[in-house]
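Student: Got a predicted structure here, sequence first:
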Amino acid sequence: EDIKIAHVYGKTGPFEAYAKQSHTGLMMGLEYATDGTMEVDGRKLVVIEKDTQLKPDIGKAALAEAYGDDEVDIAVGPVSSGVALAMLPVAEEYEKLLIVEPAVADSITGANWNRYIFRTSRNSSQDAISNAVALGQEGVSIATLAQDYAFGRDGVAAFKEALEGTGAKLVFEEYAPTDTKDFTANAQRVFDALKDEPGRKFLFVIWAGGGNPISKIKAMEPERFGVEIATGGNILAAMKAYKELPGMEGATYYYYEIPKNPVNDWLVAEHQKRFDAPPDFFTAGGMSAGIAIVEAIRKAGSTDTEELIAAMEGMEFETPKGKMVFRAEDHQALQPMYHFKIKVDPDVEWGIPELVRELKIEDMNIPIRNQ
Amino acid sequence: MADNLLSLSGVHTHIGPYHILQGVDLTVPVGGVTVLLGRNGAGKTTTLRTIMGLWTASKGDVRFEDHVITRLSTPEISRRGIAFVPEDMGIFTDLTVGENMLLAAANGPIDDKRLAWIKELFPPIGTFWNSSAGTLSGGQKQMLSVARAIIEPRRLILIDEPTKGLAPAIIKAMTDALRELKETDTTILLVEQNFAMASSIGDTVAVMDDGRIIHSGSMAELAGDAALQEKLMGLSLEAHQ
Amino acid sequence: MVAKEHPILETRDLTIRFGGHVAVDHVSCSFDRGTLTAIVGPNGAGKTTYFNLISGQLTATSGSVLLNGETITRMSVPERTDRGIGRAFQLTNLFPTLSVRENVRLVAQAKAGKGFDLFSVAESHVELLERADHVLSEVRLIDQADQIVSALPHGDQRKLEVALLIALGPQVLMFDEPTAGMSVDEVPVILELIQKLKADMDRTILLVEHKMDVIRSLADRIIVLHNGELVADGDPAEVIALSIVQEAYLGKAPEASGEAA
Amino acid sequence: MLTRLLSGDTPRSGLLTALLLIVLISLAFAPFLFPGTKSLETAARICIFIVLVASYDLLLGYTGIVSFAHTMFFGIGAYGTALALSATGPTYTSLIWGTVAGAVVAAVFALIIGLFSLRVKAIFFAMVTLAVASAFAVLVSQMSWLTGGEDGLNYRIPRELTPAFKLIDEKILDVRINGKLMAYYLVFFVSAILFLVMLRIVNSPFGRTLKAVRDNAFRAEAIGYRVVWYRTTATVLSAVMAALAGSLLAIWLRYTGPATTLSMEIMIDILLMVVIGGMGTLYGAVLGATLFILAQTYLQNLMGVAAEATSALPFVSTLVAPERWLLWLGVLFILSVYFFPTGIVGRLRAGRA
Amino acid sequence: MSETSIKPRIEKVPLSEQFFQKLPVMLVPFLAVAGLIAIGNPASWLTLTVAGLAMGMMIFIMASGLTVVFGLMDVINFGHGAFVAVGAFVGFTVLAWLAGWTTSPSVIMNLAAVLIAILVAMAITGLLGLAFERVIVMPVYGEHLKQILVTMGGLIVAQQMIYVVWGPDELHLSRPEAFQGSWVIGEAAIEKYRLVAVGIGLALFVAMRHILKNTKIGLLVRAGVENGEMVEALGYRIRRLFLIVFMTGSALAGLGGVMWGLYQETITAHMGSEIMVLVFIVVIIGGLGSVEGCFIGAMLVGLLANYTAFLAPKVALISTIALMVAILMWRPQGLYPVVKAK
Ligand SMILES: Nc1ncnc2c1ncn2[C@@H]1O[C@H](COP(=O)(O)OP(=O)(O)OP(=O)(O)O)[C@@H](O)[C@H]1O
Ligand SMILES: Nc1ncnc2c1ncn2[C@@H]1O[C@H](COP(=O)(O)OP(=O)(O)OP(=O)(O)O)[C@@H](O)[C@H]1O
Ligand SMILES: [Mg+2]
Ligand SMILES: [Mg+2]
């Protein structure tokens, strides 16, 4: 009997680009983990795709359809956190596994978690904490600029928490509406707050999706006040904007040149060969999910949900980012992150995040939030 | 016939599924006033609109100065020197009176002498030059509509019921204006319900009913022949009930 | 009764200004029950505007309108309608996508005050339909009752205007050039209707007309508006004979008088 | 009896009657006729959207008001129910008071907006509602402590309405008789009742007056109707109906978020459904909603097939790739406006003559 | 000749009323002064004011095409946002070809590259406008609701075609060298690119005002909307004129797209529809069809947004809408309505 996997994700809508990467990654992960046979224990892997259109209700229906009508064993997805949150109860209802990838909201493995949920992608806390670890040093003053909604505020809260004990000081939090077009006022407020601080000064930007403020703030020459801009990593297309920011520091989830391990080597080489481009953020994530599925089924020796859960809790598996571990408490995959500094190379279209330091799983204290 | 400025021969016009004009034969001699009479719904307005190219004849020909204009577009017909005063006046209510006049002078700036003459004919045109045309009274709109048609010299003017809603004094003024126009080598095709006015200025006359011309001849003849009037009017009255 | 002391309708120093243009200028006039007054005047004299001020489409700059002694100057159109003012319009003004019967039924419904009845079926109010059909047969439109108004010939639309006014049954009826653009054979039908209204009911009628023969045959009294001012008021024959009417309105006087402002 | 139920407003076309019957029967027996989660989801969605679209038609088709704030009312209803359920637990009491509160808030908002329409012209009103609705959506996403922000709210509903609740153990016609089925029939019957109520409203003297106001507000005033109050009442009624539809959605989905209730996209979908179906007739809402949602749900599948069939043709296959289904939906938008200028109902009724 | 005299009484319009008519022009300086008082710090104020005005100009550029089409032709073109996006994509493509010019330190080369990009973008969006008008809009003149739907359909199709042509990724491009960074005056920073936007916006404003004031085009289009048959009967080819106006509106959207794209530096297929609500608000504040009103409205919106974002960020969200509502309460037809709203 075939093993059916549903990939339920936002194929259409503004995140179409992310979706493509994620799917490519998933397929390559399954391929890699099965050595190209696409079979586990003699059972064929069949992947069914479903489009959430980035709408929670459709995502929910699509997942229910996958579990109920198509009778898949495991589902993977989606891109957007809102859709993911809507999908969580469906997994519980059908008592089937959902591997969340690449949605990042903390509450997926936090307040809204249920035991059928695993996540291979990083969560917001991991993002924030890794950045705090990267930037936080004695004598540093930091201001944050984030989108004025749950994602931004949670991110800042986690960042703030992680900053404690690093010696760095969070002096100002600025929030701007998601659809802000002009950041002059926000930047002005940040400058006013930071300009009289001593020591190194960072403006840390947490911004998801379009309308990224970094280049606009950069155009206002924050150097005047000794303010440096910092932010996390992003997909390659978005990092083109980083070319204007040589020397910028931050922490990222993935950049294809950073991790050194056989999985990543295979991914980079194969991806380059097949698509004539390096793999990106969500390709790596998708691949991790693919590998996790195969490993879990192998370990459990069946596709029975309870057996899979038992097998996956605490399971370690190799991914393009190196070793990941599904934490037993909240099923979040712990994983390394990378402290980077931007280098500009005229022959590369984007600003290159050069590794400063790998932040190992044990370097980051990721809180458990589902209790 | 060289002395006919405009002639329609066997013109049929359909509006949607309705066959409105059913073979109209009409000639308009150069330099005079031809009056088109007929009861409500006889097809007078449709005839004028067909000449203007606002409806297209399905059969038959419209000739103007010996050219067939049946299938020309409305702007092309207009540019041959035909002006049109529609039944609903066609005022641009969003524009001022002045702007309405400015647009009517399609071939260049407004001729001041002519404008002065028009203002004298229709004083409200001057008074309300800068007012929105939509706020004019019913009669003032009617004056504006005629004024627009005569702001530039034209070969032929088609006028559809210019006197409705006008005060008697203005009707007289309008009659005088049309007479004056006649002098300036302008031909007029006039649709009118007001027989007194029509007979005082018309040279030739055509009477329509049911989409056909049922009588045509000189105005003098019709005005003088009570029996004929009776016959034409009676016919239309009968047809109406 | 107190109401008896008042004329049914009265305007006192009624004035409206558009920008700097005084369209109706201190018009004081009263109208008695059961009379038909013709309002004449050159185009743009302010006749329609005067109507608009009485029925509420426009609000006066100054002055007042009184109905049965009650000041209605600042009231909205529907309020005035409720109190008994009704009008027909110079340019036909109907509900074009509805049927003829529905047009009249709506008026009957308004009069019966049933507009806010949310949960009954409209067709179940048989009395309104009967009322509508009754009015339609009065104006001889009953055969066209099911037609959509926009498909109606011009003359029938004018008749429908009158029908709406009759269905409304107001104390004061105002007609604005009811016969304009109508062919000779249609005019008598409308006139007959107005005549009948005047005879049948104890109503006050205001009529704007340019056709002198119509006025002569219907009016009890004529008032003349000129440049927004009330310049003459009285018995038809007398008023028509006045020189200002002869000159400015009928254009009969030999010598021209003045040029455009 | 039947005509009374329909308030005397019969479909007046044989084909139309047949189509409506097919929709009715399909929806009434959907769980048995089309087993499967997806089809049940689709059927419930159709029911809810029939109410939503009909309530919008009340405004657009009958009153002639173009508003872009309809999803706001839909959202208010949904959030009302959602907030009550998540705050006070999955009880029927909280379900009911949440629904009522949502409807009341929607009514108040509609009253304010309706009175504002007093001041501005139709087209401005449309734009104002557009701006207000988008501000409302942003507000909801910002007040995440209350609304869950972009992520929305997940909550439980009374157990009797969830799949976990089994009414009887055996399957009937191969269908499980569980809480989900109960939930579906709750949606179906409430939708049917709301639809019949609206049908009554539009055929009442009030509804007739709305048509008059739409046709010629100026004249409606002159025969004694206070136009502003009619418009405002219609706005409020339509908002309340939309809010109730929102509550149904909240119950059905057990999730409420901006994307399912407040997005501009839904607003446009509603507009299109009204126009495809035919404005100014509630039956249009039934056909418009049904067809559109079917297209929305199954177009992508269809295109998947087309893409495979044309995979040899490079450009064509990218155009019909399932990712490009929105492209074709857009084309459908344009075509349907062309081919159904009076909507399907208008076309069917004209065809009868 | 005439025997009648109609001499209506014309009184002087009171001075207060005349002042009231002119008031909107005063709003911008008034707001700026109010901003200075509230902000206190002149350097911050200058930074915010220049930025706000520039933002206003860019919105004006995008809105100008819309107000012409929406106001004069009475067509609500929701597809305008798609033209903005297409303009940006075309502009970026051209600038990418001219990478040598944009990265050169020579201001002339930079300018030339941007100019070429603008011209190509305007040409392409103009042509797109032609197709749009002929295929989508023409059958629905005069029917607002259908316009909303078909142009919305057009918007979706155009956005999807951007995906087909340029792929689903967002596009990034750095501004040409000369337009990067700011001039620093004391503690105030004035971005160079924003000054360019101000320049282009002003030039466009003057040009449009000139054309609409000194030619018949504006009048003709408005007249044509009200009664196309009559305009034709006067001898004008109204269909062709509509087409030209529509194409111009689309080309202006293309210009706006390039300007906006260079400001954002990262563009997506949705960038146009995202800004559309703001653009509609500006058009409405200004009054339908009014270039002046649109101009003033855009500056008001730009300034107010910046001031409130600085002073009270929470309020910034609704400041624009509050402004629109306030102005509509004051003047239900917008600041300077050229065309009466229906
Ligand atoms: N757009 C139209 N659609 C359908 N029928 C029309 C249309 N326009 C005119 N008709 C019909 O054509 C016939 C002739 O109309 P036309 O307007 O030419 O009459 P007319 O002689 O000008 O009448 P009137 O004296 O009332 O102006 C009428 O029966 C009328 O109903
Ligand atoms: N809303 C308005 N704004 C500005 N001026 C107006 C407005 N309404 C009417 N007027 C002006 O007031 C004057 C009187 O107009 P009104 O319509 O009352 O004339 P009338 O006596 O009915 O004329 P007619 O016999 O031609 O219908 C006209 O000069 C007109 O331009
Ligand atoms: Mg006619
Ligand atoms: Mg009048």
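Tutor: Looks like it came in fine. Residues are numbered from 1 along each chain as shown, chains lettered A, B, ... in the order given. Ligands and ions are numbered 1, 2, ... in the order given.

Student: isn't A:Gly233 right next to A:Leu355, touching?
Tutor: No - judged on CB atoms under 8 Å, A:Gly233 makes no contact with A:Leu355 at a distance of 11.2 Å. To be clear about C-beta, it is placed using only N, CA and C from the backbone, and glycine gets the same treatment.

Student: Identify the contacts common to these two.
Tutor: A:338, A:340 (CB atoms under 8 Å, 6 or more residues apart in numbering or on different chains).

Student: Pick out the residue closest to the middle of the chain.
Tutor: Chain wasn't specified; assuming chain A. Closest residue to the average C-alpha location of chain A: A:Arg122 at 4.4 Å, with CA atoms, centre = their mean.

Student: oops, chain E please
Tutor: The residue lying closest to the centre of chain E (CA atoms, centre = their mean) is E:Ala63, at 1.9 Å.

Student: close enough to count as contact, E:Gly126 and E:Gly254?
Tutor: Yes - if you go by CB under 8 Å, E:Gly126 and E:Gly254 touch, sitting 6.9 Å apart.

Student: Give me the more crowded residue out of these two.
Tutor: Just comparing E:Gly126 and E:Gly254: by other CB atoms under 10 Å in any protein chain shown the higher neighbour count belongs to E:Gly254, 33 against 21.

Student: so which helix or strand takes in that one?
Tutor: If you go by DSSP states H and E, E:Gly254 is part of helix E:238-264.

Student: residue boundaries of the helices in the chain?
Tutor: By default, I'm working from chain A. Taking DSSP state H to define them, one finds helices in chain A at A:16-33, A:56-68, A:81-94, A:124-135, A:150-163, A:184-194, A:214-219, A:236-239, A:262-275, A:281-300, A:305-312.

Student: looking at chain E here, not the other one
Tutor: Under DSSP H, chain E gives helices at E:15-39, E:42-67, E:73, E:80-97, E:99-102, E:107-131, E:144-166, E:192-214, E:217-226, E:228-233, E:238-264, E:271-286, E:291-311, E:313-330.

Student: buried set for the longest one?
Tutor: Within helix E:238-264, the residues scored as buried using 16 or more other CB atoms under 10 Å in any protein chain shown are E:238-239, E:241-264.

Student: roughly how far apart are the one residue in the stretch 101-250 of chain D that gets nearest to ligand 3 and D:Gly64?
Tutor: In the stretch 101-250 of chain D, no residue comes nearer to ligand 3 than D:Asn216, which is 22.9 Å away by CB to the ion. Relative to D:Gly64, D:Asn216 is positioned 10 Å away (CB to CB, to the nearest Å).

Student: Setting aside sequence neighbours, what's the nearest residue to residue 83?
Tutor: Chain wasn't specified; assuming chain A. The shortest distance from A:Val83 to any non-neighbouring residue, by CB to CB, 6 or more residues apart in numbering or on different chains, is to A:Gly59 (3.9 Å).

Student: That was the other one, I meant chain D.
Tutor: D:Leu83's closest residue in space is D:Gly98 (CB to CB, 6+ apart), at 6.3 Å.

Student: I'd guess the one you found is in a helix, am I close?
Tutor: Yes - assigned with DSSP: H, G, I helix; E, B strand; the rest coil, D:Gly98 falls within a helix.

Student: Now do whatever residue of chain E ends up closest to ligand 1, the pLDDT please.
Tutor: Relative to ligand 1, the nearest point of chain E is E:Glu229 (11.6 Å; CB to the nearest ligand atom). Per-residue pLDDT puts E:Glu229 at 89.

Student: In TSV, list the helices of chain A along with mean neighbour count and mean pLDDT.
Tutor: Converted to TSV, the helices of chain A look like this (neighbours: other CB atoms under 10 Å in any protein chain shown; pLDDT from 0 to 100):
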stretch	mean neighbour count	mean pLDDT
helix A:16-33	24	93
helix A:56-68	26	89
helix A:81-94	25	89
helix A:124-135	26	90
helix A:150-163	22	85
helix A:184-194	23	91
helix A:214-219	23	86
helix A:236-239	22	86
helix A:262-275	15	95
helix A:281-300	26	95
helix A:305-312	18	95
